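Enquirer: predicted model follows, preceded by the sequence.
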There are 2 protein chains.
Amino acid sequence: MTPKTPGPTPDSYDASRLADALQASIERGELRPGDQLPTTAELAAQYGVNKNTASKAISGLKAAGVLTGPAGGRTWVRVRPPQIKRHNVRYQREKDAVLLSEEERAGYGVSEADSGIAVRDLHEDRYVYEVVPGPEDVRRILGLVGEDQLLRRTYTRRHAAHAGAGCSMSYLPYSLASLNPDLLDAGREPWPGGTMHQLHTVGVELARIEDHVVASMPTPDEQRLLDIPPGIPLLRVRKISYSVTGEAVEVSDIPLPADRTELIYTTELERWQ
Amino acid sequence: MTPKTPGPTPDSYDASRLADALQASIERGELRPGDQLPTTAELAAQYGVNKNTASKAISGLKAAGVLTGPAGGRTWVRVRPPQIKRHNVRYQREKDAVLLSEEERAGYGVSEADSGIAVRDLHEDRYVYEVVPGPEDVRRILGLVGEDQLLRRTYTRRHAAHAGAGCSMSYLPYSLASLNPDLLDAGREPWPGGTMHQLHTVGVELARIEDHVVASMPTPDEQRLLDIPPGIPLLRVRKISYSVTGEAVEVSDIPLPADRTELIYTTELERWQ
DNA sequence: GAGTGGTCTAGACCACTGT
DNA sequence: CAGTGGTCTAGACCACTCC
């Protein structure tokens, strides 16, 4: 309708203006989670821009996790996943639980602790055990040399309602894990009591856990696996467990979608005097 | 040269192929950090695509932090900023330092600890002190009610060589900070010994520090302030300090560019028996 | 002022979804 | 099958930098 002024408008382009308008419309509640959007052609006509520009605005909002929908299908407002908090005090709790009875330990697992999806929700679990050389940086941390092998345990948990997924990858020195044949059997998962209890069965007590936290964008594979939109960063936690004798005995890599994760680390300080 | 087949090629578009080719060229060392790239027109001719498509590939790599350069100016390979590690054991060290002499404390500051840029590098510091009501969530954490005010201290550190910047924002209850008039004077920064020593001067000893870590994309303002490319996530650390009497006495918000930051949190576990 | 990066329109096409 | 989202080309234009 209005005559188009081609070229960029400083600090505010047609595409970003359309995106802002749509996002405001969502925040006002005119568009609710699950609602379908008009087609790109309709939006283009409605806002007086080219179909191409409307498409760019839509794909930007999809990347930001505001909208979702398959290419070729309709677009709708994304249902925001529930927030999850991951607190390091659970490391001490998990250690305390190791010495309890099996019933009391039930419900605990590498699964619950590391995937970031609560057990009470409907979900589908999957465990894959492999004996591999493993990545070089993990080998160095665990002090492996020559032909030493690693037991890699990949765990994925998928929500029944497509509301996201979680996963973790754990590395143990094969020489350590093989001391207890049960530890090599994926069929025995979920192991009651988690990794700390598994290590206990081969005579290892943990003294210290380090979390190394970085963030980066997900790879296309991770987008598929974790069911996250592109444009949402991934918090990557590398958990390294040290035994009381000082050596690293387990490395876990845990990718956590940043749009639903808060990490909380408490550091206790020694009192003066 | 080759006839173009329009439309998307599944899993690999012309734009992303060009981007991959350029990135591979950088990794092979043919293009070194600081080197200028051909113009978009030259790239388009060279790779047999439209100028428009070449532009899209370039802007994607700029967002990813691989390339950089102003709009309207030439594009060059970005110099990767040095990696920085931020370890929670420094909280205990900072507490230990509070009781030392002033000379021994020198070099310590809210600055060094929180900005993520080492003091030995050339830099320019800037402190802004304000008395404000502050955001609602911070007020709740610090237990403020009614007309209570906050002292907000904004600190920014900028590298001399344009190789990045750091910043942090600290909130103290005004009623607490005003017990020592020196704490209200931005001219006295950098304060030798950091925030923990400042709190010591008003009779507060810290017992516990919580770091709440999330990640999200930077706002346009933050891109400018922190000198980071869009498309690089931001690790956002909210540090909450608790006194020995159990109440929260300081809140610090520290945004850390994820392309140069690793957070390390050590959790010590109690021994069995 | 020429050169350059970035954005918009217009038209065409593809791979996919499913009112 | 039509409909839809996504991408490519071609041509035009603007704001910016500085070859």
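Expert: Cool, got the structure.
Enquirer: going forward, measure contacts and count neighbours with C-alpha atoms only.
Expert: Fine.
Enquirer: quick one: stretch A:222-229 near DNA strand C?
Expert: No - against DNA strand C, stretch A:222-229 shows no contacts by Cα under 7 Å from any atom of the strand, the least distance being 13.2 Å.
Enquirer: and stretch A:56-70, by the same measure?
Expert: Yes - residues of stretch A:56-70 are located near DNA strand C by Cα under 7 Å from any atom of the strand, namely residue A:70.
Enquirer: of all of the stretch 101-250 of chain A, which residue lies closest to DNA strand C?
Expert: Proximity to DNA strand C, evaluated over the stretch 101-250 of chain A using Cα to the nearest atom of the strand, is greatest for residue A:224 at 13.2 Å.
Enquirer: for the host helix or strand of that residue, name the packing helices and strands.
Expert: Residue A:224 is part of helix A:220-226, with elements assigned from DSSP states H and E. With contacts defined as 3 or more Cα pairs under 8 Å, 6 or more residues apart in numbering or on different chains; DSSP states H and E, helix A:220-226 has these neighbours: strand A:165-173.
Enquirer: need the residues that contact the strand it packs on.
Expert: Residues outside strand A:165-173 that contact it (Cα atoms under 8 Å, 6 or more residues apart in numbering or on different chains): A:114-117, A:138, A:142, A:144, A:148-159, A:225-227, A:249-256.
Enquirer: now swap in stretch A:239-256 and tell me
Expert: Identification of contacts with stretch A:239-256 by Cα under 8 Å, 6+ apart yields A:114-116, A:138, A:141-143, A:166-173, A:204-212, A:234-238.
Enquirer: quick one: average pLDDT of that stretch?
Expert: The average pLDDT for stretch A:239-256 rounds to 96.
Enquirer: before we move on, what about stretch A:97-106?
Expert: 74.
Enquirer: helices of the stretch 1-150 of chain A, start to end?
Expert: A:14-27, A:40-47, A:51-63, A:89-98, A:102-105, A:110-115, A:136-142 (DSSP state H, counting those that start in this stretch).
Enquirer: would you convert those into JSON lines that also reports distance to DNA strand D and mean neighbour count?
Expert: What follows is those, written out as JSON lines (distance: least, Cα to the nearest atom of the strand, whole Å; neighbours: other Cα atoms under 10 Å in any protein chain shown):
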{"stretch": "helix A:14-27", "distance to DNA strand D": "12", "mean neighbour count": "16"}
{"stretch": "helix A:40-47", "distance to DNA strand D": "4", "mean neighbour count": "16"}
{"stretch": "helix A:51-63", "distance to DNA strand D": "5", "mean neighbour count": "18"}
{"stretch": "helix A:89-98", "distance to DNA strand D": "40", "mean neighbour count": "17"}
{"stretch": "helix A:102-105", "distance to DNA strand D": "46", "mean neighbour count": "13"}
{"stretch": "helix A:110-115", "distance to DNA strand D": "28", "mean neighbour count": "22"}
{"stretch": "helix A:136-142", "distance to DNA strand D": "34", "mean neighbour count": "15"}
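Enquirer: quick revisit: separation between the residue of the stretch 101-250 of chain A closest to DNA strand C and residue B:232?
Expert: 20 Å (Cα to Cα, to the nearest Å).
Enquirer: those two: which has the busier surroundings?
Expert: Counted by other Cα atoms under 10 Å in any protein chain shown, residue A:224 and residue B:232 do not tie: residue B:232 has more neighbours, with 23 against 13.
Enquirer: per-residue pLDDT, that one?
Expert: 92.
Enquirer: hang on, isn't it packed against residue B:60?
Expert: No - in this structure, residue B:232 is not within contact of residue B:60 by Cα atoms under 8 Å, at 11.4 Å.
Enquirer: please give the element, helix or strand, for the nearest residue to residue A:98 once chain neighbours are set aside.
Expert: Nearest residue to residue A:98 in three dimensions, chain neighbours excluded: residue A:197, at 5.2 Å (Cα to Cα, 6 or more residues apart in numbering or on different chains). Per DSSP H and E: residue A:197 is located in helix A:194-200.
Enquirer: show me which positions of that helix end up buried.
Expert: A:194-199 (16 or more other Cα atoms under 10 Å in any protein chain shown).
Enquirer: and which of the residues you listed is nearest chain B?
Expert: Set against chain B, the nearest of the buried residues of helix A:194-200 by Cα to the nearest Cα is residue A:196 (11.6 Å).
Enquirer: give me the pLDDT for that closest one.
Expert: 89.
Enquirer: next one: the one 10 residues further on
Expert: Turning to residue A:206, the model gives it a pLDDT of 96.
Enquirer: do the same with residue A:130
Expert: At residue A:130, the model reports a pLDDT of 93.
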